[in-house]
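Colleague: here is a sequence with its predicted model. Questions after.
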Amino acid sequence: MKKVIIAGVGVALLLGGGIYGMKTVSAAGNQSNVAATAPSTTASEHGNKSVNLSQYKDQIHQLNKLREDHLDLQKQLVEKQDQLLDLTQAAKTSGNKDKMKQAKPVRQQLTKLNREMKPLVKESNTERKALKVALKNGSASDQYNKLIATNQQINDKMKMISAELDQLISILK
């Protein structure tokens, strides 16, 4: 029963991250609607905003690429967790305790990786907020670099989780 709870918590964490990714995508989509309904700005203010965007164009593209990778990894993790659910259920019903014992250290490693990922996601959220403030102040280059580095760390952790899930699937097959 304890293993099922741990697996459930791991699934919840990963699905929660998927919802986080969806919120950021939907929030990005809502920005255009907010910008369209915002009061018109003067020409000089609009000119400064376009300079801001062109100044950080490469970093914005890099962040968007990291978001795409994040969503692809989320999709892969959900598919693997679904497969793992079926394999775990089959191993339990067949009474194959050897497979479950072999899987225990891998599950513990997954739990550890999920715990390591949680503060990275919080850090990413904090850095996004700091980036918005920095963009208003006009000096966001460092904030972009910090956010890119954090998102790369998150994606690397997700790749490690994916590898552990692959290992767990091969044990339970």
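Modeller: The structure has been received and is ready for your questions.
Colleague: and the longest helix seen in the chain, what does it pack against?
Modeller: The longest helix of the chain (DSSP state H) is helix 97-137. Where contact means 3 or more Cβ pairs under 8 Å, 6 or more residues apart in numbering; DSSP states H and E, helix 97-137 is packed against helix 2-37, helix 57-94, helix 141-172. In short, each C-beta sits where N, CA and C put it, glycine included.
Colleague: same thing but at 6 Å, please
Modeller: With contacts defined as 3 or more Cβ pairs under 6 Å, 6 or more residues apart in numbering; DSSP states H and E, helix 97-137 has these neighbours: helix 2-37, helix 141-172.
Colleague: residues of the shortest one that come out buried?
Modeller: For helix 141-172, the neighbour count (16 or more other Cβ atoms under 10 Å) marks 143-144, 146-148, 150-151, 154-155, 157-158, 160-161, 164-165, 168-169, 171-172 as buried.
Colleague: sketch out the low-pLDDT regions of the chain for me.
Modeller: Residue ranges of the chain with pLDDT under 70: 1-5, 7-53.
Colleague: picking that back up, quick one: the longest helix of the chain to helix 141-172, angle?
Modeller: Taking axes from the mean of the first three to the mean of the last three Cα atoms, to 10 degrees, one finds that helix 97-137 is oriented at 170 degrees with respect to helix 141-172.
Colleague: how close does the closest residue to L172 other than its chain neighbours get to D166?
Modeller: Distances taken as Cβ to Cβ, 6 or more residues apart in numbering place L87 nearest to L172, at 3.9 Å, with adjacent residues excluded. Going from L87 to D166 by Cβ to Cβ, to the nearest Å gives 12 Å.
Colleague: now G138: how far from Q55?
Modeller: Distance, G138 to Q55, by Cβ to Cβ: 9 Å.
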